[in-house]
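J.: Have a look at this prediction, sequence included:
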Amino acid sequence: MARIGICRRTTEKRARTVAKSGGAIATKKASPRPAPVKTYRPTGGSFVGVDIGTHAVKLVEVTGSGTNLKVTGLARERTPEGLVVQGVIQDPKSMGQFIKQMIAKSGIRSRKAVVAVGGTAGMVVRVVEVPKMSTGELADTMKWQIEQYIPFAASDVEMAYQKIDDPAADADPDAQMEVLIAVAQRDMVSGHLEALKLAGLEVVTVDVEPLAIGRALLDLSKTGLKAKTTVVINIGASGTEVGIYRDGVLRFPRTIPLGGEAFTRAVADKLSLSLEAAEDEKVERGEVLLDLVEQAQEDMFGSSGDAADNGISSPWDVDISAPLPPSLFGDSAPAAPVEAAPDEEVNPFAVTPEPMVEVPSAPEAVALTSSEQRVRDVFMALLPVLGEFTMELRRSVDYFRSKYPTETVDHLLLCGGGANLRGFDAYLEKEIGLPASVADTFGSINVTAKSVTGAQRTALSSAFAVAMGLASRDAVIGS
C-alpha cells in the first residue's frame, strides 16, 4: 500500500509508513534502543507527478536532481465533466484511460508516479498541538485521538503524521509541540491508486497538496522565499488551499470554500450566460480593475472614509453591485427664508422656492468600446466574490499573526488555475497589505518538454505547482 507522505526536511528527517490492520491504525512500536535514522537521498531517476483536479488533470515528468533537475514532460487536459467530485474520482476506470491517453500524447516515458489527494470531502491536513512526548507516545496519541481532529469516522482512513521541529518551542519546557497530520478516507485514496494502475503507472507515494506546493515553490525556488514566512494561495476549481509556510515548513493549512467555479457562476448569473460561456468570458476578459474597486469603496465610505471607522469589518459586507449616484448639488448651504411683505398675509403652508443653482458641467465621459465595456461588466460580476475571498484570506493571515505574534508575514504567492485572473495579485497586495505575486513554477527549472510551447508553458506555469512538487519529491527529500 502506498503511503500518504508528509515527510519534509526536519531535524529527525524520517518518514513513517502507517498501515491499517483490523480497522485500527498500526504503527511500529518504539524500540528500547534508538533505531538508526535512515538516510534519504535523491535517486536521480524519473518520476511523474499526477495532479487530478475537478477542472483539469496535470502531469509533470521530472528527471535528475540538484542542478541537473529538468522537466522532460508536461501535459494538461480538462477533466471530463463529473469525473471528479470534491476530490473523489467517481469512475477510476475512465480516469485511468483518460490519463493513459494523456501520457501517450505528451510523450511521458517514466512509469513511477507520485499522486496527491485533496478536497474537503475526505481529506484533512492540519497542524495540531499536543503535550511534549516521545515518538512512541506520539504514535499512541495519533492512534487513539485522531477522531477529534477529523470530521469523519476514523475507522476507515489512511493517516500519516510528522512532528514539526521548532527549536524555540523545544527549548521551552512549558510549550506544546506541533504535529502535522494528514488523514484521507480510504475510498478516496483507493480511487486514485486504481486509476493510476489502469493508466499503467506505479504509484510510489501518495502525497498531499500543501506539501507538494511547498516543495515546488519554496524548496526549489531561487528567489529566497523559503527563508521567509510565505502565504501560498492555491486557487483551484472548487476551493482554495491556503498554506502559511515559515522557513519552508507548513505551519498553518486552511481551505477556503471558494474557487474558480464560484467566479464562473458569478459571471454566469450576472450576465445571464451558461457556465461554459461564463468560463470563456472569465478566461478571455476577466481582470481586476483596481480603479473601479477604489470607486466602489469611495461610494460607500466617502473619499476619506475607512471601513473600520464605520464599524464594518470590510467594505465587502455591503452590496456594491449598484453604487449610489453622486449628488448633483453637493453640500450647498440652505437658502435664506424669504420675508413676506408687510401688507401681505403670510401663508403658513407655502413652500419657499429654492434659488436657482448653477450646476457645474461634469467632465465629458470617455466612451468605452464594446470590448472595454464587456471587460467592465465581467469585473463587476466578479467583484462580490472577490470581496468574500479577500475576507476569508485576511482571516487566515490574521489568525496566523495572533497565534505567532512575533512572526512577520512577508509575502503572498498565488498559484493554481485561478491565479491567472489578470490583476488578482495586485488586488490582493492592496487589500491585504502584503507584497503579492503569481508563482512561476518553472522559473528555476530547466524545461525540455516539447509537448507544450513556450507561451503555453508560461501561461500555465502557476497551475502546475502541485504536479511539479509531486514529481520532484525524490529530488528534494530523497527516497
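T.: It's in. Numbering: from 1, shown residues only.
J.: Residue 247 - how many residues pack around it?
T.: Using other Cβ atoms under 10 Å, residue 247 is surrounded by 13 other residues. The C-beta positions use only the backbone N, C-alpha and C, and glycine is treated the same way.
J.: quick one, phi/psi of it?
T.: Backbone geometry at residue 247, expressed as degrees, to the nearest 10, gives phi 50, psi 40.
J.: Okay, residue 291 and residue 105: tell me how far apart.
T.: The gap separating residue 291 from residue 105 is 43 Å, by Cβ to Cβ, to the nearest Å.
J.: which one of those two has more residues nearby?
T.: In this view residue 291 and residue 105 are compared by other Cβ under 10 Å, and residue 105 has more residues nearby, 11 against 7.
J.: mind listing what's buried in the helix or strand hosting the more buried one?
T.: Using DSSP states H and E, residue 105 sits within helix 92-106. Residues 92, 95, 96, 98, 99, 100, 102, 103, 106 are the ones in helix 92-106 that count as buried (16 or more other Cβ atoms under 10 Å).
J.: nearest spatial neighbour of the last one, skipping sequence neighbours?
T.: Nearest in space to residue 106, with sequence neighbours left out and distances taken as Cβ to Cβ, 6 or more residues apart in numbering, is residue 75 at 3.7 Å.
J.: okay, the spatially closest residue to residue 410 that is not a sequence neighbour: pLDDT?
T.: Leaving aside its sequence neighbours, residue 410 sits nearest to residue 228 (Cβ to Cβ, 6+ apart; 4.0 Å). In this prediction, residue 228 carries a pLDDT score of 94.
J.: ok, residue 228 to residue 221 distance?
T.: 10 Å.
J.: Looking at the two, which is more packed in?
T.: Set side by side, residue 228 and residue 221 show more neighbours around residue 221, with 20 against 17, by other Cβ under 10 Å.
J.: nearest spatial neighbour of the more buried one, skipping sequence neighbours?
T.: residue 444 (6.0 Å).
J.: Longest helix in this protein, please.
T.: When the chain is parsed with DSSP state H, its longest helix is helix 370-403.
J.: Just the buried positions in that helix, please.
T.: Across helix 370-403, burial judged by 16+ other Cβ under 10 Å covers 375, 378-394, 396-397, 400.
J.: tell me which strands and helices it is in contact with?
T.: In terms of contacts (3 or more Cβ pairs under 8 Å, 6 or more residues apart in numbering; DSSP states H and E), helix 370-403 is packed against strand 229-235, strand 240-246, strand 249-256, helix 260-271, helix 275-285, helix 290-301, helix 424-432.
J.: between the fourth one and strand 249-256, how big is the angle?
T.: Here helix 260-271 runs at an angle of 30 degrees relative to strand 249-256 (axes from the mean of the first three to the mean of the last three Cα atoms, to 10 degrees).
J.: now for helix 260-271, which elements pack on it?
T.: If you count contacts as 3+ Cβ pairs under 8 Å, 6+ apart, helix 260-271 packs onto helix 275-285, helix 370-403.
J.: do the first one as well
T.: Applying 3+ Cβ pairs under 8 Å, 6+ apart, one finds that strand 229-235 makes contact with helix 209-214, strand 240-246, helix 370-403, strand 411-415.
J.: Does residue 168 belong to a helix, a strand or coil?
T.: Secondary structure for residue 168, judged by DSSP: H, G, I helix; E, B strand; the rest coil, is helix.
J.: Could you list which residues are in contact with the residue nearest to it when sequence neighbours are not counted?
T.: Distance criterion Cβ to Cβ, 6+ apart; nearest residue to residue 168, sequence neighbours excluded, is residue 175 at 7.8 Å. By Cβ atoms under 8 Å, 6 or more residues apart in numbering, the contact set of residue 175 is 132, 168, 169.
J.: My reading is that residue 175 lies in a strand. Confirm?
T.: No - according to three-state DSSP, residue 175 belongs to no strand; its state is coil.
J.: quick one: the closest residue to residue 85 other than its chain neighbours from residue 167, how far?
T.: Closest residue to residue 85 apart from its sequence neighbours, by Cβ to Cβ, 6+ apart: residue 54 at 7.2 Å. Separation of residue 54 from residue 167 (Cβ to Cβ): 40 Å.
J.: Tell me what angle the one helix or strand residue 187 maps to forms with helix 92-106.
T.: Following DSSP H and E, one finds residue 187 within helix 186-198. On the basis of the same axes, to 10 degrees, helix 186-198 is oriented at 40 degrees to helix 92-106.
J.: For helix 186-198, list every residue counted as buried.
T.: 188, 189, 191, 192, 193, 194, 195, 196, 198.
J.: Make sure residue 448 is actually in contact with residue 68.
T.: No - counting by Cβ atoms under 8 Å, residue 448 sits too far from residue 68 to count as a contact (11.7 Å).
J.: which residues of the stretch 151-300 of the chain score low on pLDDT?
T.: Within the stretch 151-300 of the chain, the ranges that satisfy pLDDT under 70 run 296-300.
J.: redo that, cut-off 80
T.: Scanning the stretch 151-300 of the chain for pLDDT under 80 picks out 294-300.
J.: Residue 54 and residue 167: which is more packed in?
T.: Each of residue 54 and residue 167 has its neighbours counted (other Cβ under 10 Å); residue 54 has more, 23 against 8.
J.: List phi and psi for that one.
T.: phi -60, psi -40.
J.: Need the per-residue pLDDT for it.
T.: 90.
J.: do the same with residue 66
T.: Looking at residue 66, its pLDDT reads 81.
J.: residue contacts, it?
T.: Contacts of residue 66 by Cβ under 8 Å, 6+ apart are 42, 475.
J.: try it again with 7 Å
T.: Contacts for residue 66 (Cβ atoms under 7 Å, 6 or more residues apart in numbering) come out as none.
J.: what does residue 49 give?
T.: The contact partners of residue 49, by Cβ under 7 Å, 6+ apart, come to 60, 114, 467, 468, 469, 470, 471.
J.: Among the residues you listed, which ones are in strands?
T.: Residues of those located in strands (DSSP state E): 60, 114.
J.: hmm, which two among the contacts of residue 49 are most spread apart?
T.: Farthest apart among the contacts of residue 49 by Cβ to Cβ are 114 and 468. That separation is 10.8 Å.
J.: strand partners of the helix or strand encompassing residue 49, parallel vs antiparallel please.
T.: Element membership for residue 49 (DSSP H and E) is strand 46-52. Sheet pairing of strand 46-52 (DSSP bridges) gives strand 56-63 (antiparallel), strand 112-117 (parallel).
J.: got the buried residues for that strand?
T.: Result for strand 46-52 [16+ other Cβ under 10 Å]: buried residues 46, 47, 48, 49, 50, 51, 52.
J.: if you skip the residues just before and after it, what's nearest to the first one?
T.: It refers to residue 46. Spatial nearest neighbour of residue 46, excluding adjacent residues (Cβ to Cβ, 6+ apart): residue 110 at 3.7 Å.
J.: Pretty sure the one you found sits against residue 59.
T.: No - in this structure, residue 110 is not within contact of residue 59 by Cβ atoms under 7 Å, at 10.1 Å.
J.: quick one: common contacting residues for the two?
T.: Common neighbours of residue 110 and residue 59 (criterion: Cβ under 7 Å, 6+ apart): residue 48.
J.: which one of those two has more residues nearby?
T.: residue 59 (27 against 18).
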